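Colleague: all I have is the shape, not the residue letters:
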């Protein structure tokens, strides 16, 4: 037999369902209120932080409203307000803009810019630097070795020189290297060696053979005579004054551009001849890179992986 529900049971079921619905509504209402409060506090905090960030970077703090302690630079001398923080950021942005700018310049624009920078830095008193210029066909195969060398001390030739002159007025010495060069001494030794010398390091010589004087073009006369013609390795080290003279040369460089054609190669003759003619007293007449011309021929000896031994490297080191 099937029992029918009593009236009291009919009443209690709707009542229980209503209670559950009220509980659900209360829970959802509480969650909504909590989310609203959290969201409001978050946006207020974000707005305050954004406003503080903008005020800090856009406005200049006055003496009546000092910066928080963790932004406060060391106390400067009374006569020279400290602007090191702003100067560092400004210099970084300026260097980045200059870097992008010079790489978009034509050769002539870049050389003129280098001259302009040199004219304006007569009173520069920064710590002198050595600029290492890599003339490479692509990525440096010995890049990791050079990164270790620099770690903790952080027309291609003229353009590289002009870039380095424009990039940093503190660059006092300029070393041109190939992608296959390796350092024989550490950075400190090389830096000290170069900065203590008042001379540049170019290996310049008179080669009477066909690979030397045989490349001279008589059309270069009378500006350049055969007796002034010189040859040398393109891997050089130049003092800033001499580097500036090379970049600003408007007399002899155009002659080489016009008349030094294969088998004449400008990278082996222009700078050696120019320095010999105009600035011989500023050159030590030796190179900071090891170059072996003993085998003869138009180019120096090329060293392969099989040639590089401890004995060879030690022998090179003893020559310096």
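Modeller: Structure received. Predicted model only: the values in this text are computed from it and were never measured. Residues are numbered from 1 along each chain as shown.
Colleague: show me where the protein has its strands.
Modeller: Taking DSSP state E as the criterion, the chain contains strands spanning 129-135, 171-178, 204-205, 231-232, 237-239.
Colleague: quickly list the domain ranges of this protein.
Modeller: According to automatic domain parsing, the chain is divided into the following domains: 10-55, 105-318.
Colleague: before we move on, the earlier item: looking at the strands of the chain, which is nearest to residue 188?
Modeller: Nearest to residue 188 among these is strand 129-135 (11.0 Å), distances taken as C-beta to C-beta. (Each C-beta comes from the backbone N, C-alpha and C, glycine too.)
Colleague: the closest one to strand 171-178, inter-axis angle?
Modeller: Going by axes from the mean of the first three to the mean of the last three C-alpha atoms, to 10 degrees, strand 129-135 is angled at 20 degrees with respect to strand 171-178.
Colleague: show me what counts as buried in strand 129-135.
Modeller: Within strand 129-135, the residues that count as buried by 16 or more other C-beta atoms under 10 Å are 129, 130, 131, 132, 133, 135.
Colleague: for stretch 297-314, same thing?
Modeller: Going by 16+ other C-beta under 10 Å, stretch 297-314 has these buried residues: residue 300.
Colleague: and that stretch, how far apart are its ends?
Modeller: Length of stretch 297-314, first residue to last, C-alpha to C-alpha, to the nearest Å: 26 Å.
Colleague: again, but for stretch 183-190
Modeller: Using C-alpha to C-alpha, one end of stretch 183-190 lies 9 Å from the other.
Colleague: could you list the buried residues of it?
Modeller: So for stretch 183-190, counting by 16+ other C-beta under 10 Å, buried means 183, 184, 187, 190.
Colleague: equivalent analysis for stretch 247-256, please.
Modeller: Neighbour-count burial for stretch 247-256 flags 247, 248, 249, 252, 253, 255, 256 (criterion: 16+ other C-beta under 10 Å).
Colleague: what is the nearest of those to residue 313?
Modeller: Distance to residue 313 across these (C-beta to C-beta) is lowest for residue 247, with 33.6 Å.
Colleague: save the strands of the chain as CSV, and put in distance to residue 213 and mean pLDDT too.
Modeller: Formatted as CSV, the strands of the chain follow (distance: least, C-beta to C-beta, whole Å; pLDDT from 0 to 100):
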stretch, distance to residue 213, mean pLDDT
strand 129-135, 26, 80
strand 171-178, 24, 89
strand 204-205, 11, 94
strand 231-232, 9, 92
strand 237-239, 25, 94
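Colleague: still on that earlier bit, out of the domains of the chain, which one sits most buried?
Modeller: Most buried of the domains of the chain, by mean neighbour count (mean count of other C-beta atoms under 10 Å): domain 105-318, with a mean of 16.
Colleague: ok, the residue lying closest to residue 172 once chain neighbours are set aside - contacts?
Modeller: Nearest non-adjacent residue to residue 172, counting by C-beta to C-beta, 6 or more residues apart in numbering: residue 128, 3.7 Å away. By C-beta atoms under 8 Å, 6 or more residues apart in numbering, residue 128 lies in contact with 170, 171, 172, 173, 195.
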